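K.L.:
The following comprises the amino acid sequence and a computationally predicted model.
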Amino acid sequence: MENEKKEVPRPDKGLLQSPELYQYILESSVYPNEPEPLKELRAVTASHPRASMGTAPDAGQMMSMLLQLVDAKRTIEIGVFTGYSLLRTALTIPCDGKIVAVDLNVDTYEIGLPIIRKAGVEHKINFIQSEALPVLDKLLETSENEGSFDFAYVDADKINYLNYHERLLKLLKVGGVVVYDNTLWGGTVAMPEEHVAEEWKKPGRQWTLELNKFLVSDSRIQICLAPLGDGMTICKRLI
């Protein structure tokens, strides 16, 4: 698409500080195989005032591969926004696959919903307008749900990432994967406090630092912090 070549991605997410290098990755690896519904959803989301909240296309590409590697059929998504990562998942899992998708904001979800419907994958999605903790607790009330999910993606309120983690490990099967987004917090996790710009000095930075410290010491999982988007930590349940 011609307009994709004119796109100038923000270089402040992740470790790629060169817009030209990031654009090369997108044009040589991501965009050529990106399904048309995802291209359409990216274009629709681009005009939203909070478009930067959307999952980066290269991160979405990685999610597709992870979903395929674990042969995912049942998944959980916490934080939906306009649905780019949700649509990625729905297009990747089998026809009888199911996604429990949770977000407080149904308005942003409805931005992408017509595209999801047109792609023919709405039947795979159970969208729940709610805070995530009550939904996860409700799932855990049914013993059959424990160890039954293959994959989870978390891109929501950072204060609850550790709370989500404990519940998701119970819901995921051994060998299942959970991915946490924004674990580099604009690159500021590696900066001394006095060098962090005011816009990044949110409580989320401290919560992210605490999450990263906890995950690396959690013997129940194997982790990989990938410098995609704003940092994505991939956790595989071991026990």
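P.N.:
Done, it's in.
K.L.:
What is the helix or strand where residue 110 lies packed up against?
P.N.:
Taking DSSP states H and E as the criterion, residue 110 maps to helix 106-118. Contacting helix 106-118 under the criterion 3 or more CB pairs under 8 Å, 6 or more residues apart in numbering; DSSP states H and E are the following elements: helix 36-46, helix 84-92, strand 125-129. Glycine gets a C-beta too; all of them are placed from N, C-alpha and C.
K.L.:
For it, buried residues please.
P.N.:
Buried residues in helix 106-118, defined by neighbour count with 16 or more other CB atoms under 10 Å: 108-109, 111-113, 115-116.
K.L.:
can you put those residues in TSV and add pLDDT and distance to residue 168?
P.N.:
Below are those laid out as TSV (pLDDT from 0 to 100; distance: CB to CB, whole Å):
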residue	pLDDT	distance to residue 168
108	98	23
109	98	21
111	98	26
112	98	24
113	98	25
115	98	27
116	98	23
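K.L.:
re earlier: please identify the deepest-packed of the helices and strands packed on helix 106-118.
P.N.:
helix 84-92 (a mean of 24; mean count of other CB atoms under 10 Å).
K.L.:
Show residues contacting that helix.
P.N.:
With CB atoms under 8 Å, 6 or more residues apart in numbering as the contact definition, helix 84-92 has outside contacts at 35, 37-38, 41-42, 45, 54-55, 57, 59-60, 63-64, 67-68, 72, 75, 77, 80, 97, 99, 101, 112, 115-116, 119, 121-122, 124-125, 151, 153, 155.
K.L.:
Show the subsequent helix or strand relative to it.
P.N.:
Next helix or strand after helix 84-92 toward the C-terminus (DSSP H and E): strand 98-103.
K.L.:
just how off-centre is that following strand within its chain?
P.N.:
In terms of CA atoms, centre = their mean, to the nearest Å, the centre of strand 98-103 is found 12 Å from the chain centre.
K.L.:
who does it touch, helix- and strand-wise?
P.N.:
Under the contact rule (3+ CB pairs under 8 Å, 6+ apart), strand 98-103 is packed against strand 74-78, helix 84-92, strand 125-129, helix 132-140.
K.L.:
rewinding a little: make TSV out of the buried residues of helix 106-118 and add distance to residue 194.
P.N.:
Converted to TSV, the buried residues of helix 106-118 look like this (distance: CB to CB, whole Å):
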residue	distance to residue 194
108	35
109	39
111	39
112	40
113	44
115	44
116	44
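K.L.:
Just the closest of the residues you listed to residue 206, please.
P.N.:
Distance to residue 206 across these (CB to CB) is lowest for residue 108, with 26.2 Å.
K.L.:
how far away is the closest one from residue 81?
P.N.:
According to CB to CB, to the nearest Å, residue 108 stands 5 Å off from residue 81.
K.L.:
Run through who's touching stretch 35-43.
P.N.:
Contact partners of stretch 35-43, identified using CB under 8 Å, 6+ apart, comprise 1, 3-4, 31, 54, 57, 60, 82-84, 87-88, 91, 112, 115-116, 118-119.
K.L.:
ok, 6 Å please
P.N.:
With CB atoms under 6 Å, 6 or more residues apart in numbering as the test, stretch 35-43 has contacts from 84, 87, 91, 112, 115, 119.
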